[in-house]
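Q: could you work out the structure for the sequence below:
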Amino acid sequence: MTELDTAVTKEWNITSVEELEGLVPALWEAGKGISIWLLLGQMGSGKTTLTRALCNFLGTADNVSSPTFPIVNEYVLTSGEKIYHFDLYRLQSLREAMDIGIEEYLDSGSWCLIEWPGLIASLLPSNYIELELLVTDTGRKISLKRYENQN
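A: Numbering: from 1, shown residues only. As a prediction, this is how the structure comes out:
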């Protein structure tokens, strides 16, 4: 996405999408302190399932679902913090992303979990997590890259 000073990569292999819930504590630990998470993967790879598992792990009573049609869903954690879950698949231009206020969300300090983030690459902050879910013959390969600008 952007060229940064540091990219820490971790990988996990799971045999089914149902195993994502058990992987969340390790993902959370690896991504701790960074609020922008980019979720990459083909349709059906488990991006929304992972978001649901992450939100449940962090503590929300909200129904976590795909924001395909509303573009963004807001979930409130028991701590009062907010998580914004985006699905940018249907957007056709950067202007459309800006029209929904993507810059304000990214600058809010709240958690932003973004499916199909390619369109907004130029708007990303210095620090973010890139989480890729790759469907394999034996399940899923999960790759986490932690990007941090050290300046």
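
Q: thought S65 was touching E74?
A: No - contact criterion Cβ atoms under 8 Å: S65 and E74 do not qualify, at 11.8 Å. Placement of C-beta: from N, CA and C, glycine included.

Q: quick one: the closest residue in space to I102 that isn't next to it in sequence from L54, how far?
A: Leaving aside its chain neighbours, I102 sits nearest to I120 (5.8 Å; criterion: Cβ to Cβ, 6 or more residues apart in numbering). For I120, the distance to L54 equals 20 Å [Cβ to Cβ, to the nearest Å].

Q: so between those two, which is more surrounded?
A: Taking other Cβ atoms under 10 Å, I120 and L54 do not tie; L54 has more neighbours (26 against 20).

Q: next, give phi and psi for K47.
A: phi -60, psi -50 (degrees, to the nearest 10).

Q: equivalent analysis for N13, please.
A: Dihedral pair for N13: phi -120, psi 130, per degrees, to the nearest 10.

Q: now the helices for the protein?
A: Taking DSSP state H, the helices of the chain run over residues 20-31, 47-58, 94-99, 102-107.

Q: now I83: how far from A97?
A: Noted for I83: a distance of 18 Å to A97, by Cβ to Cβ.

Q: please apply the same query to C112.
A: C112 is 12 Å from A97, by Cβ to Cβ.

Q: which regions of the chain sit below the pLDDT cut-off?
A: 1-8, 69, 150-151 (pLDDT under 70).

Q: circling back to that earlier point, ok, now which ones touch the residue nearest to I102?
A: 88, 94, 97, 102, 106, 114 (Cβ atoms under 8 Å, 6 or more residues apart in numbering).

Q: run the last query once more with 7 Å
A: 88, 94, 97, 102 (Cβ atoms under 7 Å, 6 or more residues apart in numbering).

Q: who wins on neighbours among those residues?
A: Going by other Cβ under 10 Å, I102 tops the contacts of I120 with 24 neighbours.
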